[in-house]
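Engineer: Give me coordinates for this.
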Amino acid sequence: MSQITDKIDQFRQRPWVRNLSRHFGIPKFHRFEVVFMRVLFAYLLFQTMPLDAPFSNNGLNLAEKIVPGQWLTKVVGDKDLNTALRPLPPINELLPSSEVKIPYDSQPRPDGLAKFFDLTFFNDDGFVKALRWIVIPCLVLYACGRGLPVVLPILCFVSIGSRTLYNSQGYIYHGFHMVSLVLLAQTIVVLWALFKNPREAMGFRKPSENKNGRTWWDVLIRYSQLMIIASYMIPGVIKQFKSGGEWFLNSHYIGVQVVKTHRQNFYNDLDADWAPDKLPKLANFMLEHRNWTRLLLGCGVGLQCIALLGLYNRLTNLIFGVMFILFHWLNDLMFGLYFYHVEKMDWIFLVNLPFWAWWLWRRARKRPVPLSTPEEARPAAA
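Structural biologist: Numbering: from 1, shown residues only. Okay, the predicted model is just below:
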């Protein structure tokens, strides 16, 4: 046993292994990055919470009170203007509106937690009204970085529980799973931090650094990135193993799914843009040009399979974050499959625009910051 341990230690001491572990390890984040990520993620969480009216239908009214004039209403009401900034999310997806309450009062096909618990209380009007008084203070505390050992388990339960009820109707919707996974990872990290140093975890004391100069905030952000990468990589790999490689061979049949999605979008809202007689030309193209379809879809799956490389350094964070966003944008254009909350997660935790604005500012002042190692930032996050 000792010989095996010695060989493992020798392997870990090799220069290229140490270099890889340093790059793929936990990076050091600046305090301003952590603050921006907290605030933006808290806003995104508000958008995903099933708080119902008035929080779910007054986002535009609230935005109009901040933005002068009525141009925002005109922009949101015009499909082309609303999506003019793509691949940024559509304008209406940036408004301060929550989700409606879960519209189901039963669990005919229980999934996940619903196999053990009755989660239909997420459909109860009284519970939803009380939920607002719990969730909104939690989001404010989260944005401020205070009380996370209490706040995160609550937000995690609401996110997972409500979406489990939604997915217990006989079909699965994946638009919120990444948000729930990141909340779960952050909950585990903050409970670990609570065990090690309660006052730091609660936000009553400045977080201390470990021997590598990292704080628990660095760990929390890194685990959030890991969950995002895992959400892409695991499905990409599983598709091949579960199908025995047939996913590529039969990928042209996704054209049939395009037709189904098109009709489902029409019958959901009776939107004339999705009328059954306006089927996308892409559906027939996929069925008639099988090899082109395999190549096109193979690029997307290939990106998922190598997603882990996105954790190498800040530059790969940016590159893969942008590629994921473009991947979703193309899915939206071609198939009508949109996952706007997932795109926002990519913007917040991978693309990380505040850091790049700061980096360019440093470059302009002739004080560049290296991107090759995670040792670049020393200030502790708070």
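Engineer: Low-confidence ranges, the stretch 1-150 of the chain, go.
Structural biologist: Within the stretch 1-150 of the chain, the segments meeting pLDDT under 70 span 1-3, 6-9, 11-13, 16-17, 69.
Engineer: and Phe327, what is it in contact with?
Structural biologist: Listed by CB atoms under 8 Å, 6 or more residues apart in numbering, the contact partners of Phe327 are Gly300, Leu303. All C-beta atoms are positioned from the backbone trio N, CA, C, and that covers glycine.
Engineer: Which of the three states applies to it?
Structural biologist: helix (DSSP: H, G, I helix; E, B strand; the rest coil).
Engineer: how many neighbours does Ile107 have?
Structural biologist: I think there's a mix-up here, since residue 107 is Gln and not Ile. Using other CB atoms under 10 Å, Gln107 has 18 neighbouring residues.
Engineer: Can you give the distance of the lengthiest helix in the chain from its chain's centre?
Structural biologist: Criterion DSSP state H: the longest helix present in the chain is helix 216-243. In terms of CA atoms, centre = their mean, to the nearest Å, the centre of helix 216-243 is set 10 Å apart from its chain centre.
Engineer: and that helix, what does it pack onto?
Structural biologist: Other helices and strands packing on helix 216-243, by 3 or more CB pairs under 8 Å, 6 or more residues apart in numbering; DSSP states H and E, are helix 31-48, helix 177-196, helix 246-249, helix 290-305, helix 314-335.
Engineer: of all those, which lies closest to Asp125?
Structural biologist: Closest approach to Asp125 among the helices and strands packed on helix 216-243 is made by helix 31-48 (19.8 Å; CB to CB).
Engineer: and the closest one with helix 216-243, angle?
Structural biologist: On the basis of axes from the mean of the first three to the mean of the last three CA atoms, to 10 degrees, helix 31-48 is oriented at 50 degrees to helix 216-243.
Engineer: The helix or strand following helix 31-48 - contacts with which helices or strands?
Structural biologist: Once helix 31-48 ends, the next helix or strand along the chain (criterion: DSSP states H and E) is helix 59-66. Counting contacts by 3+ CB pairs under 8 Å, 6+ apart, helix 59-66 packs against helix 71-77.
Engineer: who touches the helix it packs on?
Structural biologist: Against helix 71-77 from outside (CB under 8 Å, 6+ apart): Leu60, Ala63, Glu64, Leu81, Asn82, Ile91, Asn92, Leu95.
Engineer: of the residues you listed, closest to Ile172?
Structural biologist: Nearest to Ile172 among these, with distances taken as CB to CB, is Asn92, at 24.7 Å.
Engineer: Burial check on that closest one, number of neighbours?
Structural biologist: Using other CB under 10 Å, Asn92 has 18 neighbouring residues.
Engineer: From Phe327, how far out is it?
Structural biologist: Per CB to CB, to the nearest Å, Asn92 is found 22 Å from Phe327.
Engineer: Looking at the helices and strands packed on helix 216-243, which is nearest to Ile348?
Structural biologist: Taking CB to CB, helix 31-48 is the member of these nearest to Ile348, at 4.8 Å.
Engineer: got the CA coordinates for stretch 35-52 in PDB?
Structural biologist: This file holds the C-alpha atoms of stretch 35-52, laid out as PDB (Å, rounded to 0.1, in the frame of the first residue of the first chain):
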ATOM      1  CA  VAL A  35     -19.800  41.100  -5.200                       C
ATOM      2  CA  PHE A  36     -20.900  41.400  -8.800                       C
ATOM      3  CA  MET A  37     -21.500  37.700  -9.000                       C
ATOM      4  CA  ARG A  38     -23.500  37.700  -5.800                       C
ATOM      5  CA  VAL A  39     -25.700  40.600  -6.900                       C
ATOM      6  CA  LEU A  40     -26.300  39.300 -10.400                       C
ATOM      7  CA  PHE A  41     -27.000  35.800  -9.200                       C
ATOM      8  CA  ALA A  42     -29.400  37.100  -6.600                       C
ATOM      9  CA  TYR A  43     -31.300  38.900  -9.300                       C
ATOM     10  CA  LEU A  44     -31.400  35.800 -11.500                       C
ATOM     11  CA  LEU A  45     -32.700  33.800  -8.500                       C
ATOM     12  CA  PHE A  46     -35.500  36.300  -8.100                       C
ATOM     13  CA  GLN A  47     -36.400  35.700 -11.700                       C
ATOM     14  CA  THR A  48     -36.600  31.900 -11.200                       C
ATOM     15  CA  MET A  49     -38.500  31.900  -7.900                       C
ATOM     16  CA  PRO A  50     -42.300  31.000  -8.200                       C
ATOM     17  CA  LEU A  51     -43.500  34.100  -6.400                       C
ATOM     18  CA  ASP A  52     -46.500  34.700  -8.700                       C
END
